[in-house]
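# When you get a sec, could you give me coordinates for this:
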Amino acid sequence: MVINFKCRECGRIFDCDVGTVTMPEDSHRPSFEKQIICPKCGQRSMDDVFLTELGQSQLTQATLCFEAEDIFDSEDDELSGFGFYEGECQGCDIFTRLNDLGLCEECAGKVDRDLIRQRDWGYSALAFGCPESKREELRNEIIARYGEKLELMAPKKDAQKRPKKKRKSKRKKSGRKR
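Numbering: from 1, shown residues only. The predicted structure follows:
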């Protein structure tokens, strides 16, 4: 197990492979299979180092005897699976579980792919967190797998510039001279 420490002597933050971590019942301190070794100062004890915030998380993870999934039974959770409620899908009119937009899982996927095709990155769940450098790659993958044609959304209409009608301006002639 690798844990992140900060050396009290030199102030250096480092990762150290401590092996197996155990929590003896008679102590509130963890016990490590391997020694803590600072790259600058050498071998250290628990009193010679601080646990960083990351190290605290790593230690907690190492000493937990269970996973979060063991605590929460997702089968009993009414919000598990797709959607929040049942109703008629706005896209295909099938009565099933719907998301917050009123779409079934299949139609929600179609909308998401359509958003990617149109490069509406800010609205796509698939593109969320995708680095800008990989967005076009994601778009090309969607097009290769599902085609270029939009599946559910109507294409955006290009703003056609129509010639404006010239208005005849009527000025009132006043008898004043300027």
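# and the longest helix for the protein?
In the chain, with assignment by DSSP state H, the single longest helix is helix 132-146.
# Go through that helix and flag the buried ones.
Neighbour-count burial for helix 132-146, counted by 16 or more other C-beta atoms under 10 Å, picks out Leu138, Arg139, Ile142. Where you see a C-beta, it was placed from the backbone N, CA and C, and this is true even at glycine.
# and if you look at stretch 145-154?
Leu150, Glu151, Leu152.
# any chance of those residues in a markdown table, plus pLDDT, distance to Glu132 and secondary structure?
Listed next are these as a markdown table, based on pLDDT from 0 to 100; distance: C-beta to C-beta, whole Å; DSSP: H, G, I helix; E, B strand; the rest coil:
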| residue | pLDDT | distance to Glu132 | secondary structure |
| --- | --- | --- | --- |
| Leu150 | 91 | 23 | coil |
| Glu151 | 91 | 24 | coil |
| Leu152 | 88 | 25 | coil |
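# Now the longest helix of the chain - C-alpha only, CSV.
The C-alpha trace of helix 132-146 is given here as CSV (Å, rounded to 0.1, in the frame of the first residue of the first chain):
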residue,chain,number,x,y,z
GLU,A,132,-10.9,19.8,-25.1
SER,A,133,-8.1,18.0,-27.0
LYS,A,134,-10.1,14.7,-27.0
ARG,A,135,-13.6,16.2,-28.0
GLU,A,136,-13.2,15.9,-31.7
GLU,A,137,-11.9,12.3,-31.2
LEU,A,138,-15.1,11.5,-29.2
ARG,A,139,-17.2,13.1,-31.9
ASN,A,140,-15.5,11.1,-34.7
GLU,A,141,-16.0,7.9,-32.7
ILE,A,142,-19.7,8.6,-32.3
ILE,A,143,-20.0,9.3,-36.0
ALA,A,144,-18.1,6.2,-36.9
ARG,A,145,-20.3,4.0,-34.6
TYR,A,146,-23.8,5.6,-35.1
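# Check what pLDDT Glu132 gets.
On pLDDT, Glu132 comes in at 88.
# Against Ile143, how distant is it?
Separation of Glu132 from Ile143 (C-beta to C-beta, to the nearest Å): 18 Å.
# which residues in the protein form strands?
Applying DSSP state E to the chain gives strands spanning 2-7, 13-17, 21-22, 31-32, 36-38, 42-44, 49-51, 85-88, 95-98.
# And the helices in this protein?
Using DSSP H, the helices found in the chain span residues 53-63, 68-71, 105-117, 132-146.
# And the third one, what's buried?
Taking 16+ other C-beta under 10 Å as the basis for neighbour counts, the residues of helix 105-117 that come out buried are Cys107, Ala108, Gly109, Lys110, Val111, Asp112, Arg113, Asp114, Leu115, Ile116, Arg117.
# Check the gap between the most centrally placed residue in the chain and Leu150 for me.
The centroid of the chain falls nearest to Gly129 when counting by C-alpha atoms, centre = their mean (5.1 Å). Separation of Gly129 from Leu150 (C-beta to C-beta): 24 Å.
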